[in-house]
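1. okay, predicted coordinates and the sequence, questions at the end:
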Amino acid sequence: MTPPPPAPEPVPPPLPASPPGPRAGAELELLVHGVGGHTPQEMLDSARTVRITGDDTAAIYRRVDDTEAERRADPAAARPGPVQEAYCWSGLTSGGASRALWLLLLPFMVANLAHWMRPDTHGLPRVRRLYGALVRLVALSLTVLFTASACEVALDLTAWQCAGSAACAAHRSWLAFLAPAHHGWWSQPGRRLALAALVPAALVALLWFLSARTWARYENQRPPGDDEEPAGPYDPASPRPALARPGFWFGRRSVARLRGAHTAAGFLTIAATLAGATARHDAAAGAHALPGRLLQAALAAAALTAVWVVCRSGRSESVRDRRLDRGLTTALPCASLVLLGLTALYAGWSRPGWRSSGMLTGDAGYRAVALAQAALIVALAVAAALLHATTHRPATVLHGLGGPAVAVLACGTAGVMTGGVAQRVADWLDGGATPGMGGDAVPAPPPLLSWQASVIPVLLVLLLVPVTVLAVRTTRAARAGRARVEADYGVGEGAGAPRADAVRTRLIARRRALVRLTDAASWLVGTLAGAALLLGAAAVALSWASDEVPGRAAQHAGSFTEGAAETAQGLGSWFVGIGFLAFVTLGRLAYARSSTRQTIGILWDVGTFWPRAAHPFAPPCYAERAVPDLAWRIRTWTDATRGRLVLSAHSQGTVLAAATVWQLDDATRSRIALLTYGAPLERLYGRWFPAYFGEPQLTQLHRELRRWRNLWRDTDAIGGPVGATDGGRLPGVDRGPLKDPASYGRSVEHPLLEGIEGHGSYQADPAFAEERAALFGLLPPGVPQQQRPQDGAGHAQDRAGRPQDSTGRSSA
C-alpha cells in the first residue's frame, strides 16, 4: 500500500543570521555533489578552477581567485559570501567504457546490499551475527552459480556435447581437433574437459584480480587519524551509530578473507565438475575408483573450509583490524588451485573407451544451488523478522524483510544472467532450435534452466497487476492534488493572484503524484521477490519431476497446455538472452550518455556506497575513499585556519556528508555546520537501511550537530524531509516543501514560465542562501591566524604537529 504523502510542514523562519559587518577568521563552504556527478566548473559556477588536492579520480577544487584566500588579511572582504570548495568524486563511480563491465557484477552488488538492510534491533546479538552469516552464504552461492554457468558453457555445451557430436563439430572447424573423429590426443572426453576448464578458471582468476586491485585502492587505505594515538578505546555499548565506529570504513581484513574463500570456491566448483564426470565414468567402467574418491574427499574438505571462512568473516567495526590472515587469504585459494590441477591430471589420464553422450552433469548442480539459495533466504527472512520484532520501526520497508527480498532479486538476477549465457550459447550451437527441443544430437542446457526461463513470462504477467494498481492510484492522486496545487500558489484568491490554468495545474499535480511512486517501490520489490521465489521453487519441482524441458514435458497434456508450455519456453529463452545483452548495453549507455547515467545513477550509487561486507567481487565501495577524503579535508582545514566551515551536500552527497560528520571528533564537529538538500537520508536510506540511517540514528546525528538544515521539495523523487526532531524535543531540521516551480504563472518577477526543478537547482532557491548565511552565523567566531599553533619557524601546525599551509594542506 502506498504510504500517504508527508503533510506539508509550515515553512520555519531561517535560523538567526550573524550581526552585520565583517566576520573574524576564514569561512569555507565545502560542496559535495550527488548522483551523476558534476564538473568543478559547474559546481563552482566558474570557468577558471584549480585542483587544490586529490587526483583524477576524486579531488577538491577552488576558483583560481580563491586559491590563497586564507592568506588575505580579511578573507571575508575578498568576495561576497564564503570561499567555496568543490569535492568531485564522480570518478569513483564512473569512467571509461570498461567500467560498464561492472554492471555484470550487479548480482554481487545486490547481495551485498542485503547485508546492510538488516533491521534495526535491540539486543539479539546472535541473531544479528546469524543474519550476516546467512547473507554471506547467499553471496557465496552466487559465486558458485557464476562459475557453474561458465563450466556449463565451456565444459558441457562446448567440450562435452558439441565436440563429442560429429554433426555439431563438423560445422565448427575450431572444434575439429577435439572431435573423436579426429582421433587426436585431445579427442578423449577427459582431456577435452581439462582443456575447457581453463575458461572458467580464467574467469575466477579475473574476478580475483579485479577484487585484489580495488581492495588495494579502497579497503587497504589508511583511515584518517591512523597515525595518531586514539582518544580512547571505542565502547561497543556507545549510543553513537554504527557509522561512527572507527573501523567502519576499514574493511581490509574481512574483504581479504572473503576474497580468498570465494576464489577457492570458484576453483573447487570447476574441480568438482571435472572429478564428478570422471568418477562416474570410472565407476561405470569398473575401473579403480580410489583416486577419484580421494580427490572428491579433498575437494569436499576444501569446500567446507571455504564455507567456514565465509561464516567467520564478519566485520570488526569497533576497531581498525589491520590483520590479514595470510594463511587463509593466500593458502586456501592456492590449495584449491592445486586441487584443480590434480583433478585435471586425473581427468586427462588416458581412457580409450570413454565416449561423451547426453549432458555432463544435468540438473544436479543447478538444482543443489537453487535449493541452497531458497533455504538460506527462508532462514534469512526468519532472522530478519526476529530482529524487526524488537523495534517495529514503522518506516522500515516490508516490515523488516527488505534484505531477504533483495537477496531474492540478487539470485534471480544472477539466474537471468547465467541462464541467458547458457541459453544463447546452446541456441548458437544447436542451429537455431529452441534449446532442449532439437533432439539428442544437438547441444542443450540442463532442463532446469529452461524451466527457470519459462517462468519469466509468467512473472511479467503477474507484475502487470501491481503496476496497474500503482498507475490507477497515481492518476487518482494527481486529480485529487489539483486543488492543493492551486491553494499552494494562491490561485484566484484576490487581486494580483495568478489566474487558474488547468494545464499548468495538471502538470504540477501529476509531478507531485509521480514522485510518490518512490515510496511505493518497496511493495513492488516485495511482490516481485515473493513471486520470483514461488515461481523459482515451482520450476525446480517441475524439472525434478519431469526431467524434461517444458515443451517436451507437456507433449501429452493437451494441445492448450502444450502450446502454452512451448510458448513460455520460447519466450523465456529469448528473454534471458535479451536480458543479458540488456545488462551490457545499459552499462555502456550509462557511461556514454548523461541522461541514462542520471536515470540509473541513484541505484548504482546506493549499491556501491556500502562496503563489501558480503561479496568480495562486488564493485568497490567509493565511500571508503570519499568519506576519509572529506574527513581529512575538514579536519586539516579547521586545524589550519580555526575558521568556520559549512558542509553543503546534495543528493547522494548528503549521505557521504552524514557519514563524514559521524567520523569527526568533537573538536572538529564544533566548528562545522551541515546544509543538505535533495537528501535521500530518510526517504531511501532510512527506510531501506534502518540499522544505519533510521530515525534514531538521524536523531543522534542532529544531537551531535545542532547546526543542520535540510531543504526539500514535494516534486523531488529522491530527496525529502529528514525529521530527526526526537518527538519535538530538538529544533526542526527541515525547511520545506519549497515551491517548485517557483512561480505558478507569468509575473513581473517571473516573466517566463518557470520549469519544475524536481531534484536539481536547489542552490538557485532563495532559501538556500538564507540558510547558509544563518548557519555561518551560528558557528563560533574564527580564531585569528596568529593565534593558531605554530612551530619554531612560525609555520602553522595541525593537532599532530605537522606543518600546514593556509589552506589546510599538510606540507610535510
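-> Right, received. Where do you want to start?
2. which of the helices or strands spans Glu771?
-> helix 766-778 (DSSP states H and E).
3. show me which residues of that helix are buried.
-> By neighbour count on 16 or more other CB atoms under 10 Å, the buried set for helix 766-778 is 767-768, 770-778. In short, each C-beta sits where N, CA and C put it, glycine included.
4. can you add distance to Leu274 and give these back as TSV?
-> What follows is these, written out as TSV (distance: CB to CB, whole Å):
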residue	distance to Leu274
Ala767	66
Phe768	63
Glu770	69
Glu771	65
Arg772	65
Ala773	70
Ala774	69
Leu775	65
Phe776	68
Gly777	71
Leu778	68
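5. looking at the residues you listed, which is nearest Trp523?
-> Ala767 (32.9 Å; CB to CB).
6. measure the residue of the chain positioned farthest from its centre to Ile756 for me?
-> In the chain, the residue that sits farthest from the middle, by CA atoms, centre = their mean, is Ala495; the gap is 52.6 Å. For Ala495, the distance to Ile756 equals 27 Å [CB to CB, to the nearest Å].
7. which residues in the stretch 501-650 of the chain form helices?
-> Secondary structure of the stretch 501-650 of the chain (DSSP state H, counting those that start in this stretch): helices at 502-515, 517-546, 550-553, 559-592, 594-607, 623-641.
8. swap in the stretch 651-800 of the chain?
-> 652-663, 666-669, 687-688, 690-693, 695-704, 766-778.
9. and the longest one, how far out from the chain's middle?
-> Translated: helix 766-778. 34 Å (CA atoms, centre = their mean, to the nearest Å).
10. for it, name the packing helices and strands.
-> strand 644-650, strand 672-677, strand 708-711 (3 or more CB pairs under 8 Å, 6 or more residues apart in numbering; DSSP states H and E).
11. quick one: mean pLDDT over the shortest one.
-> Rounded to a whole number, the mean pLDDT of strand 708-711 is 95.
12. related to what we said a few turns ago, lowest average pLDDT across the helices of the stretch 501-650 of the chain?
-> helix 594-607 (a mean of 63).
13. if we can go back for a sec, so which of the helices of the stretch 501-650 of the chain is nearest Leu376?
-> Closest approach to Leu376 among those is made by helix 517-546 (11.7 Å; CB to CB).
14. what angle do the closest one and helix 559-592 make?
-> Here the directions of helix 517-546 and helix 559-592 differ by 130 degrees (axes from the mean of the first three to the mean of the last three CA atoms, to 10 degrees).
15. helix 517-546 - contacts with which helices or strands?
-> helix 364-389, helix 402-429, helix 447-480, helix 550-553.
16. I'd like those helices written out as TSV, with distance to Trp632 added.
-> Shown next, in TSV, are these (distance: least, CB to CB, whole Å):
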stretch	distance to Trp632
helix 364-389	35
helix 402-429	32
helix 447-480	44
helix 550-553	58
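17. now the ones you listed as TSV including mean neighbour count and distance to Ala298?
-> What follows is the helices and strands packed on helix 517-546, written out as TSV (neighbours: other CB atoms under 10 Å; distance: least, CB to CB, whole Å):
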stretch	mean neighbour count	distance to Ala298
helix 364-389	19	19
helix 402-429	24	27
helix 447-480	18	28
helix 550-553	22	38
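18. lowest average pLDDT across these?
-> helix 550-553 (a mean of 79).
19. roughly how far apart are Leu459 and Leu401?
-> 19 Å.
20. which helix or strand in the protein has the lowest average pLDDT?
-> When the helices and strands of the chain are scored by mean pLDDT, DSSP states H and E, helix 75-78 comes last with a mean of 50.
21. give the rounded mean pLDDT of the helix or strand just after that helix.
-> Later in the chain than helix 75-78, the nearest helix or strand by DSSP H and E is strand 83-88. Average pLDDT, strand 83-88: 94.
22. wait, Val369 sits on Val144?
-> Yes. Contact criterion CB atoms under 8 Å: Val369 and Val144 qualify, at 5.9 Å.
23. quick revisit: now the buried residues of helix 766-778 in JSON lines, with pLDDT?
-> Shown next, in JSON lines, are the buried residues of helix 766-778 (pLDDT from 0 to 100):
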{"residue": "Ala767", "pLDDT": "94"}
{"residue": "Phe768", "pLDDT": "95"}
{"residue": "Glu770", "pLDDT": "94"}
{"residue": "Glu771", "pLDDT": "95"}
{"residue": "Arg772", "pLDDT": "95"}
{"residue": "Ala773", "pLDDT": "94"}
{"residue": "Ala774", "pLDDT": "94"}
{"residue": "Leu775", "pLDDT": "95"}
{"residue": "Phe776", "pLDDT": "94"}
{"residue": "Gly777", "pLDDT": "91"}
{"residue": "Leu778", "pLDDT": "91"}
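24. which one of those residues is nearest to Val661?
-> Set against Val661, the nearest of the buried residues of helix 766-778 by CB to CB is Leu775 (13.4 Å).
25. residue contacts, the closest one?
-> Shown in contact with Leu775 (CB atoms under 8 Å, 6 or more residues apart in numbering): 15, 646, 673-675, 707, 709.
26. one step back: element containing the residue farthest from the centre of the chain?
-> Going by DSSP H and E, Ala495 is not in any helix or strand.
27. now do it, the pLDDT please.
-> If you check Ala495, the pLDDT there is 70.
28. residue numbering should commence at 12 henceforth.
-> I'll keep to 12 as the first residue from here, and by that count the last item is Ala506.
29. how far does stretch 512-532 sit from its chain's centre?
-> 28 Å.
30. show me what counts as buried in it.
-> 512, 515-516, 518-524, 526-531.
31. out of those residues, who's nearest Gly618?
-> For the buried residues of stretch 512-532, the residue nearest Gly618 by CB to CB is Thr529; the value is 16.4 Å.
32. and the gap between Gly352 and His567?
-> Distance, Gly352 to His567, using CB to CB: 48 Å.
33. the two: who's more crowded?
-> Set side by side, Gly352 and His567 show more neighbours around Gly352, with 15 against 8, by other CB atoms under 10 Å.
34. that older thread, take the helices and strands packed on helix 777-789 and write them to JSON lines, including distance to Leu55.
-> Shown next, in JSON lines, are the helices and strands packed on helix 777-789 (distance: least, CB to CB, whole Å):
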{"stretch": "strand 655-661", "distance to Leu55": "12"}
{"stretch": "strand 683-688", "distance to Leu55": "16"}
{"stretch": "strand 719-722", "distance to Leu55": "20"}
